[in-house]
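[1] coords please:
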Amino acid sequence: MCYTQQLENDWVYSHHTMTKGYQYSQQGAIKQYNVKDNKNTVNYTALIAGSRSRLYSTEVSINKQENSIQYTYCSCPAFRQSDECKHVAALCFHIDSNPIDVERIQQTLDWSRAFLQNTQEIEESSEKKYQLRINIKRFSQYPSDMTMSLYEQKK
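    From the prediction side, this is the model:
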């Protein structure tokens, strides 16, 4: 089940709120988007522009075992009044349309750490200094679109 369906069915979000949330997600209202993978949850946070161009801090926490919404939050007045708002809906639409392969990202990060460790060992044995350049393209959607290059630093 996708997270927007969970908002409608399990969290009983109104059709009006879901429609506004969809519009926000399509119109570029999500200004900043972050994902944090924890042991049991994945936390999505965003700054989302409201109807009066104010930015609202919005969060959706997903239980990884159950693959379900565990917690929602928004700093807007509507959420404080009813625990329902278009910003949370917009974030869920964004999550649904931009799936993240957390396991693949973790593998990429592990590989990066090993690469950096090897670079440090090379520097220590050769007395040369190296510079690591990392180019990431659309990392949140395609973790494989990352290149790493090692260059000798000029003195």
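[2] Sticking with the residue nearest to the spatial centre of the chain, tell me its helix or strand.
    Centroid-nearest residue in the chain: Val35, 2.8 Å away (criterion: C-alpha atoms, centre = their mean). Val35 belongs to strand 30-37 when assigned by DSSP states H and E.
[3] Beyond that strand, next helix or strand please.
    strand 41-49.
[4] And the next helix or strand along the chain from that following strand, what does it pack against?
    Sequence-wise, the next helix or strand downstream of strand 41-49 (DSSP H and E) is strand 55-63. The contact analysis (3 or more C-beta pairs under 8 Å, 6 or more residues apart in numbering; DSSP states H and E) places strand 55-63 against strand 41-49, strand 68-74, helix 86-97. In this view, the C-beta of every residue, glycine as well, is placed from N, C-alpha and C.
[5] So, low pLDDT: which residues of this structure?
    1, 100-106, 119, 122-155 (pLDDT under 70).
[6] rewinding a little: so the residue nearest to the centre of the chain makes contact with Glu59?
    No: Val35 lies out of contact with Glu59 (C-beta atoms under 8 Å); the separation is 11.1 Å.
[7] shared neighbours of these two, anything?
    Asn43, Tyr44 (C-beta atoms under 8 Å, 6 or more residues apart in numbering).
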